[in-house]
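Asks: Provided below for reference: sequence and predicted model.
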Amino acid sequence: MSAVLPAAQAPGFWSRALRHRSFVIGAVLTALLLAAALLSYLWTPWAPLEMDMANKLQGPTASHWLGTDAFGRDVASLLLVGARASILVGVIAVGIGLVAGTALGLLAAARRGWVEEAIMRLADFSLAFPAILSAIMLTAVFGPGIVNAIVAIGIYNIPMFARIARGSAKAVWAREYVTAARACGKGAWAITFQHVLPNISAALIVQSTIRFAIAILAEAALSYLGLGTQPPQPSWGRMLSEAQTLMFQQPLLAVFPGLAIALAVLGLNMLGDGLRDLLDPRLARAR
């Protein structure tokens, strides 16, 4: 049996969450990001790829709330649809890192010895190749695209989650209730899934939220460089790239996607900070 009750199941969790400023602000901003992506499937002010060259480079108007770009496309519609790419990359890339990294980290903590050493040295080697560098290498071989960007960011996330899982799991393996479980004849994998994994889930959830924010930044950077989402699919990073040559003609073209990226990353980071405080049993008892 686990030694502590997860903070998310403790009495009064949601009352504490609603009083936690960072959690509330982060949750609201993250909800707006998700709502924008979902809304784009149902409605946009204009067709996102519809071009109106007669009204290109307009500022905000009653018909085009955030103006139009160099091709006369509605900026508000592009921002709404661009949220899809950010969420898609974040969910899949973080999912790859979470599943593969957690599995490797749990294996390292359970087996120890040369298995742990090999996994950790492989993680150290992987960290030498940042997401952007990995994407450049994949692009050179397979060509640019969102799939290669997802793979590159996902591979970069694996050693991060492996380190978190291994460090947290080793702390759990040292607890008395795990020693008691081993004395009762439970095997390493039974202990891992029944005791270790539930007790490190809070750390993994917090890390997933933070890595999601980093994945959005990485996708925007790769799209800005032309290695991520490809035309005609809208992307916040590519909107910034297209706006850089028009800074003196229509500076708002760079402001809106930049603000969208900043708010999305800010919201996820604040949500992660709030979850860290709320899911840590020691901090939860202190509040």
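Replies: Great, that's in hand.

Asks: would you mind naming the helix or strand containing the residue lying closest to residue 96 once chain neighbours are set aside?
Replies: For residue 96, ignoring the flanking residues on the chain, the nearest one in space by CB to CB, 6 or more residues apart in numbering is residue 154 at 3.1 Å. Every residue, glycine included, has its C-beta placed from N, CA and C. In the assignment (DSSP states H and E), residue 154 maps to helix 146-173.

Asks: same check, this time on residue 218
Replies: Going by DSSP H and E, residue 218 is in helix 197-224.

Asks: report the angle between that helix and helix 146-173.
Replies: 150 degrees (axes from the mean of the first three to the mean of the last three CA atoms, to 10 degrees).

Asks: the helix or strand just after helix 197-224 packs against which elements?
Replies: Note on helix 197-224: by DSSP H and E, the next helix or strand toward the C-terminus is helix 236-243. Helices and strands touching helix 236-243, by 3 or more CB pairs under 8 Å, 6 or more residues apart in numbering; DSSP states H and E, are helix 75-111, helix 197-224, helix 252-279.

Asks: what's the mean pLDDT across the following helix or strand past the first one?
Replies: Remark: after helix 75-111, the chain's next helix or strand is helix 113-126, criterion DSSP H and E. Over the span of helix 113-126, the pLDDT mean works out to 92.

Asks: next: stretch 49-63.
Replies: 91.

Asks: now the end-to-end length of it.
Replies: Stretch 49-63 has an end-to-end distance of 16 Å (criterion: CA to CA, to the nearest Å).

Asks: tell me which residues in that stretch are buried?
Replies: 57-58 (16 or more other CB atoms under 10 Å).

Asks: got a list of contacts for that stretch?
Replies: Applying CB atoms under 8 Å, 6 or more residues apart in numbering, the external contacts of stretch 49-63 come out as 64, 66-74, 232, 234, 246, 249-250, 252-253.

Asks: can you do 7 Å?
Replies: With contact meaning CB atoms under 7 Å, 6 or more residues apart in numbering, stretch 49-63 is reached by 64, 66-68, 70-73, 232, 246, 249-250, 252.

Asks: follow-up on the earlier one: who are the packing partners of the helix holding residue 154?
Replies: helix 75-111, helix 113-126, helix 131-142, helix 197-224 (3 or more CB pairs under 7 Å, 6 or more residues apart in numbering; DSSP states H and E).

Asks: okay, the angle between the helix holding residue 218 and helix 131-142?
Replies: 60 degrees.
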